[in-house]
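>>> structure here, sequence nowhere to be found:
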């Protein structure tokens, strides 16, 4: 194995400080595996670091990429649950405190000391990545590695819609923002039996067509209120805010029905410029949704392998690692919903 490898590296907190660099192949510890990366998804958070519009601390320089799958090529001396040749995908919580109260109850995704791939430690937009064995899940034989790389965003959506919300068949659920997470949230709400409307702008036409493929209704912002009130005039049962900006949260507060819920999964740096008193008046549950844990990953992998959740619908193309910037640009412009970088055999 070569001692150096190409990697997509975010090297400074200023716009477009990302480039292809040579980095060392990492050494692994006793509890780690070395993973030969097959495919890695491009996330909106990768784009936010590329444009320096993120709101989280980054350990510069860092290799991007936290949605990935591959093949185990080396195992640490204490690892007995995986072996060379295993097809796996990885969770994102690269560093956690095993003594944290959140970790002890299985919610290590909420450990305050958690550091993830792609911002806290080097991620997978490269050929070989060091991964703690506890992060790995076996990829079912029926699932290709390029689609297994999308398990992570599917888990984000599963947490937002299934774990942290309360969708009941027949609910009217409004999804704000037709980005990859919003589209997957819409697909999962449909799986739960909801009537789903997805709100986007005119420039989101390509992404809104994907929402239609999932069986959802698509709406411009000015049509959302009418759709939410069609059943009994009180609003929709739940809203998923997958855009994260102040305007979409205000829309969610305005359109949710009394005793409804809002699941906020989108990130946004701007402060709120409106009152949250309507949440009190309407007895609405506002739920933040962050990351995922082991049980969610196992369920989502089963959904992907069975075809019940067809994540391939959101993929607008695949690129080689050297062409990462083209994938980033096409996602950033809204031309595609999701790009996948293919590194090894998928």
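Now that the structure is in, tell me what you want to look at. Everything numeric in this text was worked out from a predicted model, so none of it was measured.

>>> what's the helix or strand for residue 270?
Using DSSP states H and E, residue 270 sits within no helix or strand.

>>> how about it: what's its closest non-neighbour residue?
Spatial nearest neighbour of residue 270, excluding adjacent residues (C-beta to C-beta, 6 or more residues apart in numbering): residue 246 at 5.2 Å. No exception for glycine: its C-beta is placed from N, CA and C like everyone else's.

>>> count of neighbours near residue 10?
Residue 10 has 25 neighbouring residues, counting by other C-beta atoms under 10 Å.

>>> quick check: it touching residue 21?
No: judged on C-beta atoms under 8 Å, residue 10 makes no contact with residue 21 at a distance of 10.2 Å.

>>> overlap in contacts of those two?
Common contact partners of residue 10 and residue 21 (C-beta atoms under 8 Å, 6 or more residues apart in numbering): residue 61.

>>> residue 28 in helix, strand or coil?
coil (DSSP: H, G, I helix; E, B strand; the rest coil).

>>> and it, how many neighbours?
Neighbour count of residue 28, defined by other C-beta under 10 Å: 22.

>>> now do residue 285
Applying other C-beta under 10 Å, we find 15 residues neighbouring residue 285.

>>> could you list the domains of this structure?
Using automatic domain parsing, the domain parsing of the chain gives 4-154+292-342, 165-288.

>>> could these go into JSON lines alongside mean pLDDT?
Listed next are these as JSON lines, based on pLDDT from 0 to 100:
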{"stretch": "domain 4-154+292-342", "mean pLDDT": "97"}
{"stretch": "domain 165-288", "mean pLDDT": "96"}
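
>>> nearest the middle, which residue of the chain would you pick?
For the chain, the residue nearest the mean C-alpha position is residue 153 (2.8 Å; C-alpha atoms, centre = their mean).

>>> I'd assumed it was in a helix, is it?
Yes: assessed by three-state DSSP, residue 153 belongs to a helix.

>>> so it sits against residue 45, correct?
No: the pair residue 153 / residue 45 is not scored as a contact, 10.1 Å apart, by C-beta under 8 Å.

>>> that older thread, and the residue nearest to the centre of the chain, what does it touch?
Residue 153 sits next to 41, 43, 67, 180-181, 184, 311, 338 when contact means C-beta under 8 Å, 6+ apart.

>>> make JSON lines from the residues you listed and add neighbour count, distance to residue 269 and secondary structure to it.
What follows is the contacts of residue 153, written out as JSON lines (neighbours: other C-beta atoms under 10 Å; distance: C-beta to C-beta, whole Å; DSSP: H, G, I helix; E, B strand; the rest coil):
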{"residue": "41", "neighbour count": "28", "distance to residue 269": "23", "secondary structure": "strand"}
{"residue": "43", "neighbour count": "25", "distance to residue 269": "17", "secondary structure": "coil"}
{"residue": "67", "neighbour count": "32", "distance to residue 269": "22", "secondary structure": "strand"}
{"residue": "180", "neighbour count": "30", "distance to residue 269": "20", "secondary structure": "helix"}
{"residue": "181", "neighbour count": "28", "distance to residue 269": "17", "secondary structure": "helix"}
{"residue": "184", "neighbour count": "30", "distance to residue 269": "23", "secondary structure": "helix"}
{"residue": "311", "neighbour count": "24", "distance to residue 269": "28", "secondary structure": "helix"}
{"residue": "338", "neighbour count": "28", "distance to residue 269": "23", "secondary structure": "strand"}
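
>>> mind checking how far residue 112 is from residue 122?
With the distance defined as C-beta to C-beta, to the nearest Å, residue 112 ends up 21 Å from residue 122.

>>> same thing with residue 303?
Counting by C-beta to C-beta, the gap between residue 303 and residue 122 amounts to 29 Å.

>>> out of these two, which sits in the busier spot?
Neighbour totals were compared for residue 303 and residue 122, and residue 122 leads with 23 against 18 (other C-beta under 10 Å).

>>> list just the nearest of the contacts of residue 153 to residue 276.
Nearest to residue 276 among the contacts of residue 153, counting by C-beta to C-beta, is residue 181 at 23.1 Å.

>>> many thanks, I have nothing further to ask.
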